[in-house]
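1. Generate a structure from the sequence data that follows.
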Amino acid sequence: MGTRAEALLKEYSESHQNRTNQILHKVCVPMITLSLVGALWALPKPSAFDSNWLNFGTIAIFLALIYYATLGVKYFAKMVLMSAVVIGLVALVPATVLMPASIAVFVVGWIGQFYGHKVEGKKPSFFKDLQFLLIGPLWVFRR
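-> Below you'll find the predicted structure:
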């Protein structure tokens with residue numbers, strides 16, 4: 001019998017069998033993840049957040065990593081690595097363009113995802129269960 005993570009990944013994979021949909025997800029899921037963190041990072045932060053690294057983007061990543069930790073060490077480790085890359089990339093974007101760039105990338109990423117599901121002929125997994133929004137990045141980086 002597999003782990004809960006393996007069951008979730010298997011269920012996610014069921015609506016991602018078409019090669020075009022798979023390719024679109026491997027491009028668009030990272031785009032959406034990056035843009036979501038970027039948009040959250042760009043939000044004005046309270047004065048209590050006295051570090052450049054403490055912002056709504058890094059808080060969101062921290063909360064997501066708590067979820068990934070419940071799935072097992074190997075999944076948590078992969079997502080820590082992915083999170084470090086996302087933080088590094090977002091930190092490189094000038095603050096003046098971070099929000100508009102994040103919004104544009106977010107919209108393009110979701111258009112690609114929904115087109116992939118149109119080609120696949122199956123609804124996105126998160127319509128059934130919102131936790132699949134967190135399984136998507138894990139599915140992309142599972143190998």
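2. Helices along the chain, start to end?
-> Across the chain, reading from the start of the chain, the helices by DSSP state H fall at 4-14, 19-42, 56-71, 73-92, 95-120, 132-140.
3. Redo the ones you listed as TSV? Include mean pLDDT and mean neighbour count.
-> For glycine as for every other residue, the C-beta is placed from the backbone atoms N, C-alpha and C. TSV is the format used below for those (pLDDT from 0 to 100; neighbours: other C-beta atoms under 10 Å):
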stretch	mean pLDDT	mean neighbour count
helix 4-14	94	15
helix 19-42	97	20
helix 56-71	97	16
helix 73-92	96	16
helix 95-120	97	16
helix 132-140	94	20
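4. Just give me the residue closest to the centre of the protein.
-> T33 (3.4 Å; C-alpha atoms, centre = their mean).
5. follow-up on the earlier one: Serialize the helices of the chain to TSV and add fields for distance to F126.
-> Rendered in TSV, the data for the helices of the chain read as follows (distance: least, C-beta to C-beta, whole Å):
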stretch	distance to F126
helix 4-14	9
helix 19-42	11
helix 56-71	14
helix 73-92	17
helix 95-120	10
helix 132-140	4
